[in-house]
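A.B. asks: make a model of this:
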Amino acid sequence: MTVPTVMKGPAQISRRDFLSTGAAFLAASHLELGLPRTTDGFITLINLVGGNDALNTLVPTRLQAYALQRPAIAIAPAAGLPLDTGPFANSDYVLHPAMPALASLYRAGFVAFVRTVGYAGANMSHFSSQDVWSRGAVTPTQPDSGWIARYKDLYAPEAINVVALGLGQQLDFRGGTTPSTFSLIPDPSTLPPYTFTGDLPFRANDRLRFQVAEQVALRARAVGLPERARVAQLAMWDQFRELRGTTPPVVPPAYPGTSLGSVLSSSAEMLRAARPVKIFYALGGQADAFDTHYDQGGVVGRHAESLAVVDAALAAYAADLQQMGVWNRAVIVLFSEFGRRNASTSTGTDHGTGGLMILIGGAVRGGMYGPDLTEEAVSAFTLPMLVDFRTVYEELLSRHLEVDSAPVFTETYNRQPSLGVIL
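C.D. replies: You can find the predicted model right below:
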């Protein structure tokens, strides 16, 4: 699946100055009006549960230690997807070949890779580390709560402001006092995804509206109506008739028939209907999809299959957001509770510490962030943790959602300067 390349223009230099394209519905068509944006940015979090392997996702091309540590699963530079063109061209890394859509978006300037992400004193237990990321704190809060719940209490009181896509209430959403998070759990095998009934599937409705508008216009030609009302109604009729005949219907891209594809399609439907969602939260695969202790593989294998599922869903989602004119308000975040060890086992990798966050969207300043990988770092037991994940989350809140992040992340930690990953 390919993603349309949308080149960045001067309007993206400052998102506060950006005027997004508004979508107005008239008859069965979407009319792009070029209106100022009416809602702020939104974040779509995609949790790669299980501990995604950073080294085989973003592959270092110049470090000898990489291939030495992973004789069975290393990806040769020539087999990876190049990132050496575009505004943030980089030849020191290639992307896993299962992610062509992400590579295309990087070359267009819309992807930021944040390396060596984690937290101090990392715990390599899935459950403990997932709880840390969910709380936004290493020590349980009193009462125990998730960082999204705290954000919601402070800044997003409507239930639909935070949407759990295809999952129940994880710790991220628990502990708040505002109305519970809107939980959307579409099951492709039993229920249709979250949709708003529009005109495209129901042409009879469109014909009926056309007939009603025609009757209004005919009545406007009759004597006795105030002149201003008569002129307005006739102008409406002329525009309606012109648009109905010349504006092609907007058809959303086809999403893959996976769980992630289904819930991201539902996310797009909510955005298309201008629902006031600030944070979407989805899982990037099954519970252990990225826990690749065995059969991880390199170019092919379990890891490649899991990345391909994410990439296909991202391709459709990015194209949809671009098409509906909300791409410049979007930040999509791929994250995992930890990375994996540098040295492979016979067919996979064990739990590590330093991992990789990937930020995607029109509001993202693309490129590579965090300290560059070195021979020493890759020769070690596991990648170091050099960027606290809360540094990224705090920037998302302060720069993208434009709220004060300090009351959300209250635990004392080694706060680092902002990465500047948000425009």
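A.B. asks: quick one: name whatever helix or strand follows the longest strand along the chain.
C.D. replies: The longest strand of the chain (DSSP state E) is strand 111-118. Proceeding N to C from strand 111-118, the next assigned helix or strand is helix 126-135, under DSSP states H and E.
A.B. asks: that older thread, state the mean pLDDT of the longest strand of the chain.
C.D. replies: If you average the pLDDT over strand 111-118, you get 98.
A.B. asks: which elements pack onto that strand?
C.D. replies: Counting contacts by 3 or more CB pairs under 8 Å, 6 or more residues apart in numbering; DSSP states H and E, strand 111-118 is packed against helix 100-107, strand 355-360, strand 367-369, strand 387-388, helix 389-395. (Glycine included, C-beta is placed from N, CA and C.)
A.B. asks: return the most buried member of those.
C.D. replies: strand 355-360 (a mean of 26; mean count of other CB atoms under 10 Å).
A.B. asks: what's in contact with that strand?
C.D. replies: 51-52, 54, 57-58, 102, 105, 110-118, 314, 318, 330-339, 383, 389, 392, 421 (CB atoms under 8 Å, 6 or more residues apart in numbering).
A.B. asks: just stretch 293-310 next, same as before
C.D. replies: By CB under 8 Å, 6+ apart, the residues outside stretch 293-310 that reach it are 46, 48, 53, 56-57, 70, 72-75, 79, 96-99, 256, 258, 260, 284-285, 289-290, 292, 334, 344-345, 347-350.
A.B. asks: also stretch 172-183?
C.D. replies: So stretch 172-183 is contacted by 134, 141, 143-150, 152-153, 156-164, 167-169, 281 (CB under 8 Å, 6+ apart).
A.B. asks: how far does that stretch sit from its chain's centre?
C.D. replies: From the chain centre to the centre of stretch 172-183 is a distance of 20 Å (CA atoms, centre = their mean, to the nearest Å).
A.B. asks: enumerate the positions of that stretch that are buried.
C.D. replies: For stretch 172-183, a neighbour-count test (16 or more other CB atoms under 10 Å) marks 172-176, 178, 181-183 as buried.
A.B. asks: again, but for stretch 71-86
C.D. replies: Buried residues in stretch 71-86, counted by 16+ other CB under 10 Å: 73-75, 77, 80-83, 86.
A.B. asks: low-confidence ranges, the stretch 151-300 of the chain, go.
C.D. replies: 185-250 (pLDDT under 70).
A.B. asks: which one of the helices and strands packed on strand 111-118 lies closest to Val326?
C.D. replies: Proximity to Val326, assessed across the helices and strands packed on strand 111-118 by CB to CB, is greatest for strand 355-360 (13.5 Å).
A.B. asks: sheet partners, orientation included, of the closest one?
C.D. replies: Sheet pairing of strand 355-360 (DSSP bridges) gives strand 111-118 (antiparallel), strand 330-335 (antiparallel).
A.B. asks: list the contacts for Glu375?
C.D. replies: 63-65.
A.B. asks: and of the helices and strands packed on strand 111-118, who's closest to Ser379?
C.D. replies: Of all those, strand 355-360 comes closest under CB to CB, at 18.0 Å.
A.B. asks: the domain parsing of the chain - what is it?
C.D. replies: For the chain, automatic domain parsing gives the domain ranges 40-195+259-400, 203-246.
A.B. asks: out of those domains, which is the most enclosed?
C.D. replies: domain 40-195+259-400 (a mean of 20).
A.B. asks: picking that back up, nearest to Val408, of the strands paired with strand 355-360?
C.D. replies: Across these, Val408 has its closest neighbour in strand 330-335 (15.5 Å, CB to CB).
A.B. asks: how far does stretch 343-354 stretch from one end to the other?
C.D. replies: 14 Å (CA to CA, to the nearest Å).
A.B. asks: burial check on Val403, number of neighbours?
C.D. replies: When neighbours are defined as other CB atoms under 10 Å, Val403 has 18 of them.
A.B. asks: report the contact partners of it.
C.D. replies: If you count contacts by CB under 8 Å, 6+ apart, Val403 has them with 151, 154-155, 397.
A.B. asks: just want the angle from the helix or strand hosting Val310 to strand 355-360.
C.D. replies: Assigned by DSSP H and E, Val310 belongs to helix 302-324. Here the directions of helix 302-324 and strand 355-360 differ by 20 degrees (axes from the mean of the first three to the mean of the last three CA atoms, to 10 degrees).
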